[in-house]
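A.B. asks: I need the structure of the sequence given here:
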Amino acid sequence: MDGAPKSDEEFQITITRTHKDYFSAHKALYAVEDAEKAGEIDFAALRRGERPKILSRPWSVEIYPTMACQIDCIHCYAQDRNREYRFKSMPVEMMDRLHVSLHRMGVRGVQYCGGGEPLIWKRGKIAEYIGGLNLDTTRAGMASNMLMGHTLADPETLRRMIFIEVAVFAHDDESYFQVAARRNCPEKVAANVKLLQEVKRDNGLESPAINAKILINQINYRWLHEIYDWSVSVGFDNIHLRLVDDYEDGVEVALTPPQIEEFKHSLLHLCDRYGLDYWRDNIGFILGAKGSSGEHSRCWTVRLGLNAWVLSNGEVYVCGPQWGTPEYCIGNLNFMEFDEIWGGAKHQEVAAKIEDRMMSSGCYKIGCRHIKQTKAINAALEGQVAFPPADEFEPRHSWFL
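C.D. replies: Got it, this is the predicted structure:
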């Protein structure tokens, strides 16, 4: 099989302040083991290179409730696409139907993200859908700017959540304005994070993990120490660090080589200051290319149908970087239900097309987590790594791929 791993770094998706297994691609092994036990795939056939049928359900689904956002970050990965979608929000009746399908299919993880900011959809109504998820089968996750985080401050909502990733790129009002063109925000973010942590403590909840995702761009790369100190003061459960990429044409927010070198010295100083050995040990991963080494012509996420993306206008995709490209859309909730779209002729056609074009598109070079999960699955099929035990399912946040 192509893409056999050479080191643990091949499986790493994100580097946190302290090591957490939920940022390792090994959690994908739970999904394929579950499918094998259900009789939907045969490991021996996969080893022979036979193309399997698309699974009867995606393991996890990302929902973009809206393409609108109340801030305007210079590093937003979807500015042009959000504009092309006219900042559309999903109708309530469509969201209702989608959640009926997800429940019927037994989808394991539902992540509310964007696109835009999920918590501004219908003034925080997304919390009602999280609170209605079946605790026996499904958990929620979220990526948010946390300006409306108070809408999640209900124990039954938080009980169903595994993580909340909070975008952090500033440390005070002026720095926030320079990056996101809005004022009076850091204090709101801090207050909402502290509120959710209080609800967790008062109700004996261990989750969700409320994490700071520090995003470094050409404006804020000299503020690392201040941003880190602010994040610590807020009380996040963990902090991880990412240098942003130039996702869309004509956007130049990723650090230049000289800026990366300057940032490296700042990061090393921070590591010395606070004893951040895990960041120091993985500084090459933080600063370097996040794509997967080698060449790849297979993606198990696409081939098996492990993930789906549902946009605010009803479009459904099976590859994150491809959303917004019509030829990769497998269906639309305006015309069919999600569980009717899944596994259909269009889905099969698009999945084959994506894999056929992988070598020419080089999609695996941009740090896609699903290629790293593909490599973990390959390694398990080849006997290079063991399938993780059941008691590690929760610590690995294995509801989400």
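A.B. asks: show me where the stretch 1-150 of the chain has strands.
C.D. replies: With DSSP state E, counting those that start in this stretch as the criterion, the stretch 1-150 of the chain has strands at 60-63, 109-112, 139-144.
A.B. asks: Quick check: chain neighbours aside, which residue is closest to Cys185?
C.D. replies: In this structure, Cys185 finds its nearest non-sequential neighbour in Tyr176, 4.9 Å apart by Cβ to Cβ, 6 or more residues apart in numbering. In this view, the C-beta of every residue, glycine as well, is placed from N, C-alpha and C.
A.B. asks: any idea of the pLDDT on that neighbour?
C.D. replies: Tyr176 is assigned 98 on the pLDDT scale.
A.B. asks: now stretch 372-390: mean pLDDT?
C.D. replies: On average, stretch 372-390 scores 90.
A.B. asks: Reformat the strands of the stretch 1-150 of the chain as CSV; add distance to Leu102 and mean neighbour count.
C.D. replies: Shown next, in CSV, are those (distance: least, Cβ to Cβ, whole Å; neighbours: other Cβ atoms under 10 Å):
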stretch, distance to Leu102, mean neighbour count
strand 60-63, 6, 24
strand 109-112, 6, 24
strand 139-144, 11, 24
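A.B. asks: possible to save the ones you listed as a markdown table with mean pLDDT and distance to Tyr221?
C.D. replies: Output for the strands of the stretch 1-150 of the chain, formatted as a markdown table (pLDDT from 0 to 100; distance: least, Cβ to Cβ, whole Å):
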| stretch | mean pLDDT | distance to Tyr221 |
| --- | --- | --- |
| strand 60-63 | 98 | 28 |
| strand 109-112 | 98 | 28 |
| strand 139-144 | 98 | 22 |
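A.B. asks: Output those strands as TSV; include the columns distance to Pro257.
C.D. replies: Formatted as TSV, the strands of the stretch 1-150 of the chain follow (distance: least, Cβ to Cβ, whole Å):
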stretch	distance to Pro257
strand 60-63	32
strand 109-112	33
strand 139-144	29
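A.B. asks: So which helix or strand of this structure has the lowest pLDDT on average?
C.D. replies: The helix or strand of the chain with the poorest confidence is helix 358-361; it has a mean of 68 (mean pLDDT, DSSP states H and E).
A.B. asks: And the helix or strand that that one is followed by, what does it pack against?
C.D. replies: Remark: after helix 358-361, the chain's next helix or strand is helix 369-381, criterion DSSP states H and E. Using 3 or more Cβ pairs under 8 Å, 6 or more residues apart in numbering; DSSP states H and E, the elements in contact with helix 369-381 are helix 28-37, helix 43-47, helix 300.
A.B. asks: nearest to Trp121, of the ones you listed?
C.D. replies: helix 28-37 (27.7 Å; Cβ to Cβ).
A.B. asks: From the chain's centroid, how far away is that closest one?
C.D. replies: 20 Å (Cα atoms, centre = their mean, to the nearest Å).
A.B. asks: Leu287 is in contact with Lys264, correct?
C.D. replies: Yes: shown here, Lys264 and Leu287 form a contact pair, counting by Cβ atoms under 8 Å, at 5.8 Å.
A.B. asks: The residue nearest to Cys185 contacts Ala190, correct?
C.D. replies: No: contact criterion Cβ under 8 Å: Tyr176 and Ala190 do not qualify, at 11.4 Å.
A.B. asks: Compare the two and say which is more crowded by neighbours.
C.D. replies: Tyr176 (24 against 18; other Cβ atoms under 10 Å).
A.B. asks: phi, psi of that one?
C.D. replies: phi -60, psi -40 (degrees, to the nearest 10).
A.B. asks: now do Pro257
C.D. replies: According to degrees, to the nearest 10, Pro257 has phi -50, psi -40.
A.B. asks: Can you check the pLDDT for the residue of the chain most remote from its centre?
C.D. replies: For the chain, the residue at maximal distance from the C-alpha centroid (Cα atoms, centre = their mean) is Arg48, at 31.0 Å. Per-residue confidence (pLDDT) for Arg48: 91.
A.B. asks: mind checking the SS state of Gln348?
C.D. replies: With DSSP: H, G, I helix; E, B strand; the rest coil as the basis, Gln348 sits in helix.
A.B. asks: Kind regards, and thank you for your time.
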